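*Asks:* Model the following, please.
(one chain, ligands or ions: 1)
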Amino acid sequence: MKIALGVSGMKCGGCAAGVKKAAESVPGVASAEVSLERAELSLEYDGKAETLEAVKKALGRAGFKAG
Ligand SMILES: [Cu+2]
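*Replies:* Sure thing, here's the model as predicted:
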């Protein structure tokens with residue numbers, strides 16, 4: 001399943017890389033692509049609500065807000 005999430009707090013390519021890394025570290029996430037320009041995370045994942053929650057928490061720990 002694929003979705004796009006708005007992410008706030010990204011200011012540069014390093015932030016975007018951090019968001020991608022944090023999202024891909026979550027079990028159940030197949031791939032994550034980040035657009036700094038659109039402040040958006042495109043996520044391919046297993047479709048479980050828990051996975052989505054875990055991604056949001058991982059991004060929160062990295063200093064970003066997704067939702
Ligand atoms: Cu940055």
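*Asks:* and the protein, which of its residues are near the ion?
*Replies:* 11-12, 14-15 (CB under 5 Å from the ion). Quick note: C-beta positions are derived from backbone N, CA and C, even for glycine.
*Asks:* Filter those residues down to the ones in helices?
*Replies:* If you go by DSSP state H, the residues of the chain next to the ion have 14-15 in helices.
*Asks:* Just want the most central residue of this structure.
*Replies:* Ala23 (4.4 Å; CA atoms, centre = their mean).
*Asks:* residue ranges for the helices of the protein, please.
*Replies:* 13-24, 49-61.
*Asks:* just the ones you listed: most buried one?
*Replies:* A comparison of these by mean neighbour count, using mean count of other CB atoms under 10 Å, puts helix 13-24 on top with a mean of 18.
*Asks:* Now do that helix, average pLDDT.
*Replies:* Averaged across helix 13-24, the pLDDT comes to 98.
*Asks:* and that helix, what does it pack onto?
*Replies:* strand 29-35, strand 40-45, helix 49-61 (3 or more CB pairs under 8 Å, 6 or more residues apart in numbering; DSSP states H and E).
*Asks:* Contact partners for the residue nearest to the centre of the chain?
*Replies:* 29, 32, 34, 41, 43, 55, 58-59 (CB atoms under 8 Å, 6 or more residues apart in numbering).
*Asks:* and if you look at Thr51?
*Replies:* Counting by CB under 8 Å, 6+ apart, Thr51 touches 26-29, 45.
*Asks:* Tell me which two in those residues are the farthest apart.
*Replies:* Pro27 and Tyr45 (9.7 Å; CB to CB).
*Asks:* neighbour count winner among those two?
*Replies:* Taking other CB atoms under 10 Å, Pro27 and Tyr45 do not tie; Tyr45 has more neighbours (20 against 10).
*Asks:* Run through the bridge partners of the more buried one.
*Replies:* As for beta bridges, Tyr45 partners with Val29 under DSSP bridges.
*Asks:* Surely it and Ala4 touch.
*Replies:* No. Tyr45 is not in contact with Ala4 according to CB atoms under 8 Å; the separation is 11.8 Å.
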